[in-house]
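K.L.:
Pasting a predicted model and its sequence here:
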Amino acid sequence: MAGLSRLEVLSVSKRFGGRAAIEEVSFSVNEREFVAVLGPSGAGKTTLFRCVAGLLAPDRGKVRVAGLDVSTLRGRERRHIAVVFQQFNLVSRLSAFENVLAGRLGYVASWRGLARRFERADRLLALECLDRVGLLAHAGQRADTLSGGQQQRVAIARALAQEPDIIVADEPVSSLDPTISAEILALLHRICREGVSILCSLHQVHFALQFADRIVGLSQGKVAIDTATADFDREAANRLYGAPAARGVES
């Protein structure tokens, strides 16, 4: 998909105890592009996503978001990249609305964030983000009383409130049932088309085929496949997972 590059992963490597978790990984994500990262367990997806999100420093290589080196981003500068986690990472005792407001912390003075004294514009934006994910009616509800799918929607609304260039979603549907998973990925796909690029790791090949524009496949810590979704066929799936996992992928 044509467009400006929102994310660049440049020869990124990370080792633990002498073993390479990822090695010389390179790819990019363009404006309004949904890129799915696939690969078997142990392929290095989680390590890669932690490096991309700036939660882990690579041993070699660089990650750039909107042209900025992620390793140098501090405080408010981190708002360029938003992260959606597998386990939602909401503050359970706070309402959906208050959790989404946390996405505005990079835009307000520290004392306002600590005192939860957000300005009217920030509050209106948080409500707008909840509306975009279909949860405006649940704005005042405690996060821990929401269903798993609703909690992930709140997490996505919080990410949107950052007004990021890209959302990095690490296995965002792994704890959800297939129907809710499809709804969450359809929501991320729509958000992508509205202007926020998406990098999403998945276990389910069929979801990647349904929602992604491009697929990056990791195997033993290296990029084995980087292709348009339309070109991801049975042979490509075999290379990543072996023959059984390729069932349902058209030749």
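P.N.:
Thanks, I have it. Numbering: from 1, shown residues only.
K.L.:
the helices in the stretch 51-200 of the chain, which residues?
P.N.:
96-101, 110-115, 120-132, 148-161, 178-193 (DSSP state H, counting those that start in this stretch).
K.L.:
Nearest to Pro40, out of these?
P.N.:
Closest to Pro40 of the helices of the stretch 51-200 of the chain, according to Cβ to Cβ: helix 178-193, at 19.0 Å. (Each C-beta comes from the backbone N, C-alpha and C, glycine too.)
K.L.:
same for the closest one, what does it pack against?
P.N.:
strand 34-38, helix 148-161, strand 166-170, strand 197-201, helix 205-211 (3 or more Cβ pairs under 8 Å, 6 or more residues apart in numbering; DSSP states H and E).
K.L.:
Output the helices of the stretch 51-200 of the chain in CSV; the columns should cover mean pLDDT and distance to Ala230.
P.N.:
Putting the helices of the stretch 51-200 of the chain into CSV (pLDDT from 0 to 100; distance: least, Cβ to Cβ, whole Å) gives the following:
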stretch, mean pLDDT, distance to Ala230
helix 96-101, 95, 35
helix 110-115, 55, 44
helix 120-132, 94, 28
helix 148-161, 95, 26
helix 178-193, 96, 15
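K.L.:
Distance to Ser41 added to the ones you listed, as JSON lines?
P.N.:
Formatted as JSON lines, the helices of the stretch 51-200 of the chain follow (distance: least, Cβ to Cβ, whole Å):
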{"stretch": "helix 96-101", "distance to Ser41": "30"}
{"stretch": "helix 110-115", "distance to Ser41": "37"}
{"stretch": "helix 120-132", "distance to Ser41": "33"}
{"stretch": "helix 148-161", "distance to Ser41": "21"}
{"stretch": "helix 178-193", "distance to Ser41": "18"}
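K.L.:
Pipe those helices into TSV and attach mean neighbour count and distance to Arg74 per row.
P.N.:
Below are the helices of the stretch 51-200 of the chain laid out as TSV (neighbours: other Cβ atoms under 10 Å; distance: least, Cβ to Cβ, whole Å):
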stretch	mean neighbour count	distance to Arg74
helix 96-101	25	21
helix 110-115	12	13
helix 120-132	17	21
helix 148-161	24	19
helix 178-193	17	26
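K.L.:
Make TSV from the helices and strands packed on helix 178-193 and add distance to Arg64 to it.
P.N.:
As requested, the helices and strands packed on helix 178-193 are exported to TSV (distance: least, Cβ to Cβ, whole Å):
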stretch	distance to Arg64
strand 34-38	15
helix 148-161	19
strand 166-170	11
strand 197-201	13
helix 205-211	24
